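> Sequence first, then the predicted structure, then my questions.
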Amino acid sequence: MAKKKIRIRAKMKGGVAEVKALMSHAMETGLRKNKKTGKKIPAHFIQDVTCTHKGNTVLVASWGPAISKNPYLSFKFKGAAKGDTVTISWADNKGGKASADAKIG
């Protein structure tokens, strides 16, 4: 079974939805060198992260090569209710994509 690319949790706290996500990605900057060959490892990083709730975009992030490997994202937004679904998706600079849903608890 393939490893999940995004692990997401969402819960209500005081009328605000709190979303936490852990994304699995190597996040290469393009500046590191392969120790055996001495050649630079090509850049490979998440560029765009989007979160939607009920068809509305609640978060848009534009990332670059300076974000760490396997990035963690946490944010809050209003207007959600228990049982609603939140979707997080990302796209990287090489065309890779991932998406995950979570019900707000």
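Looks like it arrived, so ask away. Numbering: from 1, shown residues only.

> For the rest of this, base every contact and every neighbour count on C-alpha atoms.
Will do.

> Show me what the spatially most central residue of the chain bridges to in the sheet.
Nearest to the mean C-alpha position of the chain, by CA atoms, centre = their mean, lies residue 23 at 4.9 Å. The residues listed as beta-bridge partners of residue 23 by DSSP bridges are residue 6.

> And residue 99, which helix or strand is it part of?
Counting by DSSP states H and E, the element that carries residue 99 is strand 97-103.

> Residue 87: how many residues sit nearby?
Burial of residue 87 is recorded as 18 neighbouring residues (other CA atoms under 10 Å).

> Dig out what it forms beta bridges with.
For residue 87, the residues forming beta bridges with it (DSSP bridges) are residue 52, residue 101.

> That one and residue 55 touch, don't they?
No: with contacts defined as CA atoms under 8 Å, residue 87 does not count as touching residue 55, sitting 9.4 Å away.

> can you pull the contacts of residue 13?
The contact partners of residue 13, by CA atoms under 8 Å, 6 or more residues apart in numbering, come to none.

> separation between it and residue 72?
According to CA to CA, to the nearest Å, residue 13 and residue 72 sit 20 Å apart.

> Ok, residue 43 next?
The gap separating residue 43 from residue 72 is 20 Å, by CA to CA.

> go on, residue 86?
Going from residue 86 to residue 72 by CA to CA gives 16 Å.

> Residue 30 now?
The span separating residue 30 from residue 72 equals 21 Å under the rule CA to CA.

> ranges for the strands of the protein?
Assigned strands in the chain, in chain order: 6-13, 16-23, 46-53, 56-62, 72-78, 85-92, 97-103 (criterion: DSSP state E).
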